[in-house]
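1. What follows is a predicted protein model with its sequence.
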Amino acid sequence: MYPVLIASHAKAADLWPITHHFIRKNWPDHPPIYLGANGEADIDKVPEGWQLIDRGVDRSFSRSLAEYLDAIESEYIILMLDDFAILEEVSNERLEKTYRFVREHDAVYLRLVPNPPGDLPFDHDFMRIAIEKRPPYATSLQIAIWKRDFLRKLLEYDFNPWEFEVRGGKTEEALANASRFFVAKEPLIRYTHFVEKGKFFPFVRYWKDKGVPIDTTRDYWTEEEVRRMQGSQLRRFVRISVPAAWRNRIRVMLGLSEL
């Protein structure tokens, strides 16, 4: 199995026990887990079984992630963020099938959840991402299998997370590997992220009541604030219904920059 790299930083240590709780519950037979946490992380706060990578100052998202990758010897890695909670049992059998697909097609990226979905049918289980059509979020930071050396090249642009997701798939390197980006038709790992802009979503309070180890002074969003963040029903409908490439065409027609 390919190792898991959880991208984080030392100041996010309060999130690690939460993520660890759900991994231990729903993916007990997980592959090796590396925790990338630059910024002089407290080793005592690292969950049992996780291998800490701390290269000192947390200079930027891309630079720190590149340093984490340099510490892992594997052709492919599974990249996930520190605020992802796995909600259902993970099937290693389905993942092994996915690993075979990745190797057979020399994939540089395979997103394990269809968020966003693929653009072009490929086979029964996977779709291709149409990099040549310059879709936004082609390099989404949802849980994905990455070819380590390819990801390392993208990080040389020193994008922040938003820039990475929107622009990473439009780089020279991505366009040169356009046929090697894939996404699963159905979620292979079901999870949710539980932090937005540094604050917990309201449902985290329910988790705490159910015994999830939450020991933090981090603030919570209100339900009303979450609804405002999600936008109007019309905007949500457009995001779900309109293909990514068409959304960019519409933005250009309206005089906006493409995503």
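-> Happy to help now that I have it.
2. pLDDT score for the residue nearest to Arg180 when sequence neighbours are not counted?
-> In this structure, Arg180 finds its nearest non-sequential neighbour in Val108, 4.5 Å apart by Cβ to Cβ, 6 or more residues apart in numbering. Placement of C-beta: from N, CA and C, glycine included. For Val108, the pLDDT comes out at 98.
3. repeat for Phe61
-> With respect to pLDDT, Phe61 scores 97.
4. Pretty sure Pro161 is one of the things it touches, is it not?
-> Yes. If you go by Cβ atoms under 8 Å, Phe61 and Pro161 touch, sitting 5.2 Å apart.
5. Looking at these two, which one has more neighbours?
-> Phe61 (19 against 14; other Cβ atoms under 10 Å).
6. Can you name the residues that contact Leu154?
-> Thr139, Phe164, Gly168, Thr171, Glu173, Ala174 (Cβ atoms under 8 Å, 6 or more residues apart in numbering).
7. Hmm, the fourth one is touching Tyr157, no?
-> Yes. Contact status for Thr171 versus Tyr157: in contact at 6.5 Å, counting by Cβ under 8 Å.
8. Between those two, which has more neighbouring residues?
-> For the pair Thr171 and Tyr157, the greater number of neighbours falls to Thr171 (19 against 14), based on other Cβ under 10 Å.
9. Relative to Asp149, how far out is the more buried one?
-> Look at Thr171 and Asp149: by Cβ to Cβ, to the nearest Å, they are 15 Å apart.
10. swap in Leu95?
-> Separation of Leu95 from Asp149 (Cβ to Cβ): 21 Å.
11. more neighbours, the two?
-> Looking at Leu95 and Asp149 with other Cβ under 10 Å, you find the greater number of neighbours at Leu95, namely 20 against 11.
12. In a strand, that one, correct?
-> No. Looking at Leu95 with DSSP: H, G, I helix; E, B strand; the rest coil, it is helix, so not inside a strand.
13. what about the nearest residue in space to it that is not next to it in sequence, how many neighbours?
-> Among residues not flanking Leu95 along the chain, Leu188 sits closest, at 6.4 Å (Cβ to Cβ, 6+ apart). Look at Leu188: counted by other Cβ under 10 Å, it has 20 neighbours.
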